[in-house]
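**Q** with the sequence up front, the predicted model follows.
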Amino acid sequence: MNIVLYDDERARRFEPFSLTRPVSELRAGTEIVRRRWETALAGDAVAFLGAAHLADFEEIDAPLMATRDIAAGTIIAHSLAPVDGTAAVWTSGGRVAAVRVPRSVSIDSFRDGALTLESLAPNDVGPVEIAGWWLDEVWDLVRQLPDMLASDISWRVDALDTVSAAESGAAVVGAYPARVERGASVEPYVVFDATAGAILVRRGSTLAPFTRLVGPCYVGEDSAIAGGRIAATSVGDQCRVHGEVSMTVFLGHANKSHDGFVGHSYLGRWTNLGASTVTSNLKNTYGSVALWTPTGVRDTGMQFLGTMFGDHAKTAIATRLTTGTVIGAGANVFATTMVPKVVAPFSWGGDSGDAPVYAVDKFVTVAERVMSRRHVALSERARRWLHAAHAARWQVG
């Protein structure tokens, strides 16, 4: 069963992430959207359909962009619908989330993202409604995180070889499940607070003394939690986390290794936060938070919202980020005052909205150096992808 993930027009505006990756390669809850579809349909994602500047996107086990027509029988799944199910047409909330196309579809049909899955659904097949979520806005990745975590952890525990957190040596409070996959390391003086939700720690991860995990909470493979309170958070693979964190997603290969509060935020891949970087996630007025988007500043309807960090974004020590901040991909942020609410991708600085552009060759050199520390090579194809993202960068204004 072959699956192709589709970024439509809305998905292609999911900044600060869509400049450097298809939305299907974002973590929603505990898992990458693509892998959620692969698990649900017991199939393999063979390609994605997305913006032209992602033609050379290449990352870990992700499929490449489709370059030929979509064959009959292929399932085209919406990147904004991390859901479950099996049939010819899958709907969630009455909206088409995936379609098994009855005939070949020209690759050109997907070029601008305007094609809808509804237009591909065969009329003679009854849809199957399945449970899941729609990511209608980029902030839904944070807003829906607790519900996703609660649902995800329950089914993931059933598929893994785990022991109770108490058996691993941790102190446990609360009645929700607190599980540790075999191969993880839990050092003395670690607390699993399962009062409000379940907790799962994956193999290869290490929890240092004086770590307090507050459920619902997920720690992915080969990550290190070096102390602090980590609450209602999804930590992806190969991350380094320390300090106070709440309601935040770490896509993977991201660092917050020092003190400093990060709340209601999303860290893209290879993001690195300098020591004492702090995000505000609540306005002094306790009002609704507004967020910059490619279509203008929008009211999110959320009382709590921190910072969206794009891939490869970096902050200097003691960086202060106000409520509802967007840091573009590749931005290197260092400021003597409060950082603006939106920093353009590949910016060098951050005291104002018109910071100089980070030279692409220097950026790629640093990216290669950063990735090599985690034993990830930067291929020639990936270099082309990062160069294309740099050329397609958006401006603030």
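**A** Yep, that arrived.
**Q** who's in contact with Ala71?
**A** Residues near Ala71 by C-beta atoms under 8 Å, 6 or more residues apart in numbering: Asn2, Ser104. Any C-beta I mention is one placed from the backbone N, CA and C, and that applies to glycine too.
**Q** against Val125, how distant is it?
**A** Separation of Ala71 from Val125 (C-beta to C-beta, to the nearest Å): 18 Å.
**Q** what bits of the chain have low per-residue confidence?
**A** 83-88, 352-353 (pLDDT under 70).
**Q** give the residue farthest from the middle of it.
**A** Asp124 (36.3 Å; C-alpha atoms, centre = their mean).
**Q** how about the strands in the stretch 251-397 of the chain?
**A** Secondary structure of the stretch 251-397 of the chain, counting by DSSP state E, counting those that start in this stretch: strands at 255-256, 261-263, 266-267, 272-273, 278-279, 290-293, 296-299, 307-309, 314-315, 320-321, 325-327, 332-333, 342-343.
**Q** and those strands: which comes nearest Leu26?
**A** Proximity to Leu26 (C-beta to C-beta) singles out strand 266-267 among the strands of the stretch 251-397 of the chain, at 8.3 Å.
**Q** which residues sit against the closest one?
**A** With C-beta under 8 Å, 6+ apart, strand 266-267 has contacts from 17, 141-142, 248-251, 254, 256, 273, 307-309.
**Q** would you turn those residues into a markdown table with distance to Asn2 and neighbour count?
**A** Below are the contacts of strand 266-267 laid out as a markdown table (distance: C-beta to C-beta, whole Å; neighbours: other C-beta atoms under 10 Å):
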| residue | distance to Asn2 | neighbour count |
| --- | --- | --- |
| Phe17 | 25 | 24 |
| Leu141 | 27 | 26 |
| Val142 | 32 | 23 |
| Thr248 | 34 | 26 |
| Val249 | 28 | 27 |
| Phe250 | 30 | 31 |
| Leu251 | 25 | 26 |
| Ala254 | 31 | 27 |
| Lys256 | 37 | 30 |
| Leu273 | 38 | 29 |
| Thr307 | 37 | 32 |
| Met308 | 32 | 27 |
| Phe309 | 33 | 36 |
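**Q** between the two ends of stretch 26-37, how far is it?
**A** In stretch 26-37, first residue to last residue: 13 Å (C-alpha to C-alpha, to the nearest Å).
**Q** mind checking how far it is from the chain centre?
**A** Chain-centre distance of stretch 26-37: 8 Å, with C-alpha atoms, centre = their mean, to the nearest Å.
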